[in-house]
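**Student:** I would like the atomic coordinates for the input below:
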Amino acid sequence: MGRFTNGINGPIMGRVGTIIGSSWKGVPYVKGPYKKRTKRISKREKANRDKFAMSQLWLQPVLGFVRQGFKGYSERSEGFGAAKSWLLKNSFEGDGTGIRVNPALVKVSFGELPAANNIAVSQPSPGQLKFTWDVAIAEGASTSDQVMLLAYDIENSQASFTITGQFRSVGSDILPVPRTRKRTYHLYAAFVASDRERQSHSVYLGEWNS
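**Tutor:** Presented below is the predicted three-dimensional model:
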């Protein structure tokens with residue numbers, strides 16, 4: 001049974017006849033009931049479904065990262081949903097059975113906060129990746145911004161990350177990673193403001209073979 005949340009002219013919550021009322025982020029909407037499909041799925045529809053499933057699988061191990069990285073993306077979309085939308089529109093290559101996600105085209109963080117120049121990676125010891133960056137403060141940035149670091153082993157669906165790393169002014173941070181040999185990590189870095197309300201675009205730093 002549906003109900004009016006603000007009088008008879010207000011939005012509907014629940015089912016009324018053949019419509020269903022709901023809301024997301026304070027925006028009311030209505031939709032029709034689910035109808036069983038009878039038409040055959042086209043090749044284009046199947047390709048879109050495959051991309052959707054691949055996007056879901058690709059982002060699942062980095063869920064905690066993109067929730068912050070895509071915070072406040074738009075009025076109606078943020079976090080995992082916004083990251084998936086970006087990936088679907090910008091990060092696929094190939095067609096048919098050869099379609100794939102190109103890690104270099106993926107954004108795991110999106111925003112107006114400045115990142116940093118000359119971000120680099122080294123491995124001071126097994127199980128550690130050292131990220132360094134210029135400490136010069138661009139307009140709109142702050143010394144209290146914190147680095148966000150991600151090392152993603154896509155082949156094994158495992159990710160190591162931090163969203164509250166060292167302050168921008170420090171210029172370096174260590175990200176622990178598993179010490180297992182023969183792993184390929186795809187590396188990303190971004191920055192988040194101290195109030196957690198702004199973040200930068202992520203920077204793809206290439207592959208690292210341990």
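**Student:** Give me the domain ranges for the chain.
**Tutor:** Taking automatic domain parsing as the reference, the chain has its domains at 1-35, 43-209.
**Student:** out of those, deepest packed?
**Tutor:** Of all the domains of the chain, domain 43-209 carries the top mean neighbour count, a mean of 17, counting by mean count of other CB atoms under 10 Å. (Glycine included, C-beta is placed from N, CA and C.)
**Student:** Can you verify residue 152 is assigned to a strand?
**Tutor:** Yes - Residue 152: assigned to a strand according to DSSP: H, G, I helix; E, B strand; the rest coil.
**Student:** per-residue pLDDT, it?
**Tutor:** We have a pLDDT of 98 for residue 152.
**Student:** If it is in a bridge, with which residues?
**Tutor:** Using DSSP bridges, the bridge partners assigned to residue 152 are residue 159, residue 186.
**Student:** ok, now which ones touch it?
**Tutor:** Applying CB atoms under 8 Å, 6 or more residues apart in numbering to residue 152 gives the contacts 61-62, 103, 158-159, 161, 185-188.
**Student:** follow-up on the earlier one: the domains of the chain: lowest mean pLDDT?
**Tutor:** Among the domains of the chain, domain 1-35 scores lowest, at a mean of 58.
**Student:** for the residue nearest the centre of the chain, phi and psi?
**Tutor:** The centroid of the chain falls nearest to residue 66 when counting by CA atoms, centre = their mean (3.2 Å). The phi and psi values for residue 66, taken as degrees, to the nearest 10, are phi -70, psi -20.
**Student:** Got phi/psi on the nearest residue to it once chain neighbours are set aside?
**Tutor:** Distances taken as CB to CB, 6 or more residues apart in numbering place residue 83 nearest to residue 66, at 3.9 Å, with adjacent residues excluded. Backbone torsions for residue 83, taken as degrees, to the nearest 10, come to phi -60, psi -40.
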